[in-house]
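Student: Next one to model:
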Amino acid sequence: MKEQVTSIEQSKRLIELGVPAEKASMVWFPEYKIGDNKLPIYPTGNYELVMKYKSFGDMEDKVIPAFTVADLLNIIPEGITYGRLRITRSSYSRGKDWRVFYKRVGVSKGAIVSFGDSTLICPACDMIEWLLANNYTLNI
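Tutor: Numbering: from 1, shown residues only. Here you go, the predicted model:
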């Protein structure tokens with residue numbers, strides 16, 4: 001499942017770029033360990049991937065959003081100026097199986113921009129970052 005959600009670092013970067021945390025359907029929840037009388041429970045520094053709930057009570061500020069592939073693909077626009085969104089998987093691409101790109105429409109052929117990786121999460125994150133850097137609007 002971890003290959004289908006953003007890492008903690010990717011999540012923080014997307015939120016920093018303006019993607020609303022509310023669009024994430026999962027969260028990274030901190031793991032805790034039972035200690036002694038002075039510190040009954042304390043964080044271990046590890047996180048567990050869990051479904052997002054409406055409220056985590058006192059833990060609300062400790063959870064980190066985790067965007068799924070579906071979350072990310074839903075906010076990427078289907079079309080941009082002179083381009084249509086395409087997502088492909090190739091078995092001939094030397095480890096870069098998944099591609100997220102905007103294919104040119106009209107007379108010109110080829111891709112406007114293309115990102116690839118062995119999972120779909122990285123190219124989706126890269127595409128969102130590219131869209132925002134180039135002043136396109138996300139579906140949020």
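Student: Sort out which residues of the lowest-mean-pLDDT helix or strand in the chain are buried, please.
Tutor: Scoring the helices and strands of the chain by mean pLDDT, DSSP states H and E places strand 41-51 at the bottom, with a mean of 77. For strand 41-51, a neighbour-count test (16 or more other C-beta atoms under 10 Å) marks Y47 as buried. In short, each C-beta sits where N, CA and C put it, glycine included.
Student: what does it contact?
Tutor: 1-2, 5, 8, 25-35, 62, 64, 66 (C-beta atoms under 8 Å, 6 or more residues apart in numbering).
Student: Buried ones among those residues?
Tutor: V5, M26, V27, W28, F29, I64, A66.
Student: and these, which two are the farthest apart?
Tutor: V5 and F29 (12.5 Å; C-beta to C-beta).
Student: what about the least confident helix or strand of the chain, distance to the chain center?
Tutor: Chain-centre distance of strand 41-51: 20 Å, with C-alpha atoms, centre = their mean, to the nearest Å.
Student: Direction included, what does that strand pair against?
Tutor: strand 26-34 (antiparallel) (DSSP bridges).
Student: pLDDT (mean, whole number) over stretch 84-103?
Tutor: The average pLDDT within stretch 84-103 is 80.
Student: Buried ones in it, by neighbour count?
Tutor: Along stretch 84-103, these residues count as buried under the neighbour rule (16+ other C-beta under 10 Å): D97, W98, R99, V100, F101, Y102, K103.
Student: contacting residues for the closest residue to the fifth one other than its chain neighbours?
Tutor: Distances taken as C-beta to C-beta, 6 or more residues apart in numbering place S114 nearest to F101, at 3.6 Å, with adjacent residues excluded. With contact taken as C-beta under 8 Å, 6+ apart, S114 is in contact with R99, V100, F101, Y102.
Student: How about the secondary structure of A124?
Tutor: When classified by DSSP: H, G, I helix; E, B strand; the rest coil, A124 comes out as helix.
Student: Name the nearest residue to it, ignoring sequence neighbours.
Tutor: Using C-beta to C-beta, 6+ apart, the closest residue to A124 is L72 (4.0 Å).
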